[in-house]
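Participant: no FASTA, just this:
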């Protein structure tokens, strides 16, 4: 009797071993099975998805078989691992084990958005709106409502976001990306403020940010940023008007059509530095670290004027006679390929590479909006004879302006 029990026990152990071996073999086959794909596909895993649900969906779509065995594998081997939301790249020849490894690592497809120095907030919002993989939550909100949603209801948005390339995954919201850019600007601004020159004339980092936006819009030549900042700082210190065309353009908003007339230069907007004393009330664009650094560490010297050469660089002058001579040489006899700033860099439309899908907006100028905080704009003044093009001599638009530097009251 006892012998029979031992025989039965042995048979049971052998049978159990065979069953376990069979189960292991079946599960290994399930893991090694190639995904049934003829071309690359992106697997969308929404937030809150479970491995069970996704595996069942893949089986229903005919991509895999034996979802039950794969679920058991995840439960007994990766039960402590959460499934990250996003998109996973599935390619022909990939097997089920490789797919589960992607899930284990959270190796989701990433996209990128580049915010460019000199962009206005309107351009930032337009670029965000073109990102199909971002969850759009800000589309119908005003600028002030956007800032409230970011947690900064009393902050004017212009210039408050840092230009950089930001990575995101499908399902991430536009708010989350904007928060990254906002916080990054705060970090850079504070870091540069802590290292600023001792004699800069700003009462707080925000004033320095405003100055940096003027520098950003005036030149794209790296070595000139400090010189431009030096000119503006000396003008502030001597009570001279800044007289920089980008502020005129920003104040005009959508009325700017590519030309600045003398009437526009005389028009009183909150941003027209040919009319107002000191800095404009807010930044006029996004600024990079280099422009912020230049604004807080202006190059010493005695120049008070600058004029575009036509190749993107400028001639700096300490007195009006030298400035007028530079105007005569570079403005009144313009070269055929004249440029007041370096040629814009157009970011090519990106494709999908094996790791990332990049979505970068091309650098395309858009009409600058009238800021929400600005006073209502007056009707367009009767256009006078055209002034020199927008980048010509700050402070040298005509003889009267050259001779009549206004000082703040």
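Facilitator: Arrived safely. Everything quoted here is computed from the prediction, not taken from an experiment.

Participant: what residues does stretch 72-86 touch?
Facilitator: The list of residues contacting stretch 72-86 from outside it, by C-beta atoms under 8 Å, 6 or more residues apart in numbering, reads 27, 30-31, 45-51, 54-55, 100, 103-104, 106, 108-109, 169-171. To be clear about C-beta, it is placed using only N, CA and C from the backbone, and glycine gets the same treatment.

Participant: Any of the residues you listed buried? List them.
Facilitator: With neighbours counted using 16 or more other C-beta atoms under 10 Å, the contacts of stretch 72-86 contain these buried positions: 27, 30-31, 45, 51, 54-55, 100, 103, 108-109, 169-171.

Participant: can you give me the helices for the stretch 251-400 of the chain?
Facilitator: Taking DSSP state H, counting those that start in this stretch to define them, one finds helices in the stretch 251-400 of the chain at 262-266, 289-296, 320-330, 399-403.

Participant: How far away from the center of its chain is the third one?
Facilitator: In this view, helix 320-330 has its centroid 38 Å away from the chain centroid, taken as C-alpha atoms, centre = their mean, to the nearest Å.

Participant: Identify each buried residue in that helix, please.
Facilitator: Taking 16+ other C-beta under 10 Å as the basis for neighbour counts, the residues of helix 320-330 that come out buried are 320, 323-324, 326-327, 330.

Participant: What mean pLDDT does it get?
Facilitator: Confidence over helix 320-330 (mean pLDDT, whole number) is 88.

Participant: again with the second one
Facilitator: Mean pLDDT, computed over helix 289-296, is 97.

Participant: cool, and stretch 48-63?
Facilitator: pLDDT averaged over stretch 48-63 gives 93.

Participant: Residues touching that stretch, excluding its own?
Facilitator: 35-37, 43, 45, 64-67, 70-71, 74, 78, 83, 85, 90, 103.

Participant: Which of the helices of the stretch 251-400 of the chain sits closest to residue 123?
Facilitator: Checking the helices of the stretch 251-400 of the chain against residue 123 by C-beta to C-beta gives helix 289-296 as the closest, at 16.6 Å.

Participant: Show residues contacting the closest one.
Facilitator: Applying C-beta under 8 Å, 6+ apart, the contact partners of helix 289-296 are 117, 188-189, 192-193, 195-197, 200, 202, 208-209, 211-213, 215-216, 222, 225-226, 228-229.

Participant: Apply 6 Å and report the result again.
Facilitator: 188, 192, 196, 200, 208, 211-212, 215-216, 225-226, 229 (C-beta atoms under 6 Å, 6 or more residues apart in numbering).

Participant: Ok, stretch 131-140 next?
Facilitator: Stretch 131-140 is touched from outside by 111, 113, 146, 170, 173-175, 359, with contacts defined as C-beta under 6 Å, 6+ apart.

Participant: Let me have the contacts of helix 289-296 in CSV, extended by pLDDT, neighbour count and secondary structure.
Facilitator: Formatted as CSV, the entries for the contacts of helix 289-296 read as follows, by pLDDT from 0 to 100; neighbours: other C-beta atoms under 10 Å; DSSP: H, G, I helix; E, B strand; the rest coil:
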residue, pLDDT, neighbour count, secondary structure
188, 98, 18, helix
192, 98, 22, helix
196, 97, 17, coil
200, 95, 18, coil
208, 98, 24, helix
211, 98, 29, helix
212, 97, 29, helix
215, 96, 28, helix
216, 95, 28, helix
225, 94, 25, helix
226, 95, 19, helix
229, 96, 27, helix
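
Participant: nearest to residue 182, of the helices of the stretch 251-400 of the chain?
Facilitator: Closest to residue 182 of these, according to C-beta to C-beta: helix 289-296, at 14.9 Å.

Participant: so how far is residue 115 from the residue nearest to residue 269 when sequence neighbours are not counted?
Facilitator: In space, residue 269 comes closest to residue 251 once its chain neighbours are excluded; the distance is 3.3 Å by C-beta to C-beta, 6 or more residues apart in numbering. As defined by C-beta to C-beta, to the nearest Å, residue 251 lies at a distance of 23 Å from residue 115.

Participant: Looking at those two, which one has more neighbours?
Facilitator: Between residue 251 and residue 115, residue 251 has the larger neighbour count (other C-beta atoms under 10 Å), namely 28 against 22.

Participant: so what pLDDT did the more buried one get?
Facilitator: 95.

Participant: cool, and residue 83?
Facilitator: We have a pLDDT of 89 for residue 83.

Participant: Apart from its chain neighbours, what residue comes closest to the residue positioned nearest the centre of the chain?
Facilitator: Closest to where the C-alpha atoms of the chain average out (C-alpha atoms, centre = their mean) is residue 115, at 2.1 Å. Among residues not flanking residue 115 along the chain, residue 163 sits closest, at 4.6 Å (C-beta to C-beta, 6+ apart).

Participant: SS state for the one you found?
Facilitator: Per DSSP: H, G, I helix; E, B strand; the rest coil, the local secondary structure of residue 163 is coil.

Participant: is it true that it touches residue 286?
Facilitator: Yes: the pair formed by residue 163 and residue 286 meets the contact definition of C-beta atoms under 6 Å, at 4.8 Å.

Participant: Which one's more surrounded, these two?
Facilitator: residue 286 (27 against 22).

Participant: any idea how far residue 190 is from residue 154?
Facilitator: When residue 190 is compared with residue 154 (using C-beta to C-beta), they lie 19 Å apart.

Participant: Between those two, tell me which one has more neighbours.
Facilitator: For the pair residue 190 and residue 154, the greater number of neighbours falls to residue 190 (10 against 7), based on other C-beta under 10 Å.

Participant: Would you mind identifying the helix or strand in this structure with the lowest mean pLDDT?
Facilitator: strand 356-358 (a mean of 28; mean pLDDT, DSSP states H and E).

Participant: that older thread, could I get the buried residues of helix 320-330 as TSV with distance to residue 181?
Facilitator: Putting the buried residues of helix 320-330 into TSV (distance: C-beta to C-beta, whole Å) gives the following:
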residue	distance to residue 181
320	42
323	38
324	42
326	38
327	39
330	37
